[in-house]
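> After the sequence you'll find the predicted model.
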Amino acid sequence: MRNLVLPALLACSLAAQDKPVPVRLTPLRVSPAATISQDIGISRIDLSFARPAVKGRAIWGGLVPFKEVWRAGANNATVITFSHAAKVAGKDVPAGSYGFFVIANEKTWTLILNRKAKQWGAYEYKQEEDLLRWEAAPQAGPFLEYLDYRVIPQDISHAVVELGWEKLRVSFSVAFDTKGIYWAHVEDKLKQAPDTDWVPWYQAAKYCQEQGIEPQKAALWIEKSLKAGDSFWNHEAAARICRDAKRLPEALAHLQKAIDLSRPGGAPKEYTAQLEKELAAWKASK
């Protein structure tokens with residue numbers, strides 16, 4: 001019996017492989033899909049949404065009824081994703097993806113992050129799945145036929161997310177602990193870094209020197225970088241670390257070494273010239 005079943009199954013499998021793939025048209029969406037991404041430090045904010053058009057309709061209190069949950073776009077609910085834990089409108093939000101909804105009113109809107117990121121419209125929306133609600137006042141702005149989102153960086157830790165459509169805008173703040181996030185990144189990468197690669201140790205030491213933090217670690221890491229290989233980059237960083245530590249003779253020696261390595265090393269002439277100016281200034285300050 002087994003000998004009869006196996007050939008039959010094989011024949012069915014081959015027949016299925018020969019079946020042509022069904023022809024289907026790509027749907028033509030009148031509200032086109034869009035995605036935007038913005039880096040803040042080494043964190044990222046992603047937005048996925050669809051852009052409805054005004055088409056001469058009354059929007060606020062009309063197409064978007066007041067006091068009802070709105071998907072903040074068209075088609076699928078708008079999704080906002082934070083690569084790292086963030087503060088949204090001053091409230092803690094874990095890393096992850098969230099459905100973004102709005103309850104519009106004449107003067108004040110309720111903005112919502114819902115734990116269920118993927119859903120069609122607001123038909124399956126449940127308030128008990130909300131992570132966060134907060135209030136924001138819409139502002140007047142230039143007319144926009146199509147709904148738009150912007151993520152506007154304010155500095156390496158902060159951004160403003162803005163929703164605009166028709167003649168109104170509403171915005172909210174997003175903040176990341178960029179220093180903490182980056183320090184965790186540094187420590188994680190150095191755990192993986194071999195002693196034979198000068199680059200990550202140089203990068204970590206340079207970061208500390210530029211931020212004015214962890215001078216002892218900066219000195220240790222630049223020493224490891226120099227042991228792994230000579231470069232005008234790591235000698236320049238060593239010079240600055242030594243100068244910050246008031247070890248001027250060592251700083252001058254490293255800066256001179258950086259200059260010497262930069263000439264045949266393919267560095268721009270402007271880079272070498274700047275180091276030479278700094279070397280002269282450091283010598284004059286002795």
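Structure's in. What do you need? Residues are numbered from 1 along each chain as shown.
> all contacts plus neighbour counts: C-alpha atoms, from now on.
Fine.
> Does residue 202 fall in a helix, a strand, or a coil region?
Secondary structure assignment for residue 202 (DSSP: H, G, I helix; E, B strand; the rest coil): helix.
> mind listing what the residue nearest to residue 253 when sequence neighbours are not counted touches?
Closest residue to residue 253 apart from its sequence neighbours, by CA to CA, 6 or more residues apart in numbering: residue 239 at 7.5 Å. Contacts for residue 239 (CA atoms under 8 Å, 6 or more residues apart in numbering) come out as 250-255.
> what do you get for residue 71?
77-78, 100-102, 121-122.
> Switch those over to CSV; also include pLDDT and distance to residue 199.
Output for the contacts of residue 71, formatted as CSV (pLDDT from 0 to 100; distance: CA to CA, whole Å):
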residue, pLDDT, distance to residue 199
77, 95, 44
78, 97, 41
100, 98, 41
101, 97, 45
102, 98, 47
121, 83, 48
122, 84, 49
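> Tell me the one of those residues nearest residue 137?
residue 102 (11.8 Å; CA to CA).
> surely the closest one meets residue 72?
Yes. Under the criterion of CA atoms under 8 Å, residue 102 makes contact with residue 72 at 5.8 Å.
> more neighbours, the two?
Applying other CA atoms under 10 Å to residue 102 and residue 72 shows that residue 72 carries more neighbours, namely 30 against 22.
> and the more buried one, which of the three is it?
coil.
> do residue 241 as well
Quick answer, by three-state DSSP: residue 241 is helix.
> Next one, pLDDT for it please.
Listed pLDDT for residue 241 reads 97.
> what residues are up against it?
Per CA under 8 Å, 6+ apart, neighbours of residue 241: 209, 215, 218-219, 251.
> Which ones among those lie within helices?
209, 215, 218-219, 251 (DSSP state H).
> picking that back up, including distance to residue 280, could the contacts of residue 241 go into JSON lines?
What follows is these, written out as JSON lines (distance: CA to CA, whole Å):
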{"residue": "209", "distance to residue 280": "21"}
{"residue": "215", "distance to residue 280": "25"}
{"residue": "218", "distance to residue 280": "25"}
{"residue": "219", "distance to residue 280": "24"}
{"residue": "251", "distance to residue 280": "12"}
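> Of those residues, just say which sits nearest to residue 114.
Closest to residue 114, out of all of the contacts of residue 241 and judged by CA to CA, is residue 209, at 41.2 Å.
> which residues does the closest one contact?
Applying CA under 8 Å, 6+ apart, we find residue 209 in contact with 215, 218, 237, 240-241.
> List the contacts of residue 33.
Contacts of residue 33 by CA under 8 Å, 6+ apart are 48-51.
> Please state the backbone phi and psi of it?
phi -70, psi 150 (degrees, to the nearest 10).
> Which positions are bridged to it in the beta structure?
residue 50 (DSSP bridges).
> what comes up buried for stretch 200-209?
Across stretch 200-209, burial judged by 16 or more other CA atoms under 10 Å covers 200-209.
> can you put these in CSV and add pLDDT and distance to residue 92?
Supplementary listing: these in CSV, determined by pLDDT from 0 to 100; distance: CA to CA, whole Å:
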residue, pLDDT, distance to residue 92
200, 98, 32
201, 98, 33
202, 98, 34
203, 98, 30
204, 98, 28
205, 98, 31
206, 98, 31
207, 97, 27
208, 97, 27
209, 97, 30
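> No further queries at this time; thank you.
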